[in-house]
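1. A predicted structure for the sequence below; I have some questions about it.
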Amino acid sequence: MSALENPDNRWDIFKNSKGQWQWSCSDPGGRFLAASTDTFETEELCIANAKEQGYSSN
């Protein structure tokens, strides 16, 4: 299991200042792990990319 697949991680799905969707992931202690380098037109596309990296909505 990669560090991004930890079910206790905090994933943030958000719109940036340009209105594009991005994600970031922190571990349970708040340490930054990763963030999307791409931006997405829709929240759905952003979530799909986050899932490829280990995000789980459960």
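-> Here it is on my side, so go on. Keep in mind the model is a prediction, meaning the values are calculated, not measured. Numbers count the residues shown, from 1 in each chain.

2. what helix or strand does the most centrally placed residue in the chain sit in?
-> Residue closest to the average C-alpha location in the chain (CA atoms, centre = their mean): residue 23, at 3.4 Å. Using DSSP states H and E, residue 23 sits within strand 21-26.

3. Next, the buried residues of the helix or strand following that strand.
-> On the C-terminal side of strand 21-26, the closest following helix or strand by DSSP H and E is strand 32-35. Neighbour counts using 16 or more other CB atoms under 10 Å place 33-34 of strand 32-35 among the buried residues. Bear in mind the C-beta positions are built from the backbone N, C-alpha and C, glycine included.

4. Could you list the paired strands of strand 32-35 along with their orientation?
-> In the sheet, strand 32-35 lines up against strand 21-26 (antiparallel) (DSSP bridges).

5. Tell me the buried residues in the strand it pairs with?
-> 21-23, 25.

6. try stretch 40-56
-> Neighbour counts over stretch 40-56 (16+ other CB under 10 Å) mark 40, 46-47, 49-50, 53-55 as buried.

7. Of those, which pair is most distant in space?
-> Greatest spatial distance in the buried residues of stretch 40-56: 40 and 54, 16.8 Å, computed using CB to CB.

8. follow-up on the earlier one: quickly list what the residue nearest to the centre of the chain is bridged to.
-> Beta-bridge partners for residue 23, by DSSP bridges, are residue 13.

9. Can you tell me the closest non-neighbouring residue to residue 47?
-> Excluding the flanking residues, the one nearest residue 47 by CB to CB, 6 or more residues apart in numbering is residue 13, at 6.1 Å.

10. before we move on, what about residue 35?
-> Take residue 35 and drop its neighbours on the chain: the residue closest to it by CB to CB, 6+ apart is residue 24, 4.0 Å away.

11. The one you found against residue 36, yeah?
-> Yes - contact criterion CB atoms under 8 Å: residue 24 and residue 36 qualify, at 7.3 Å.
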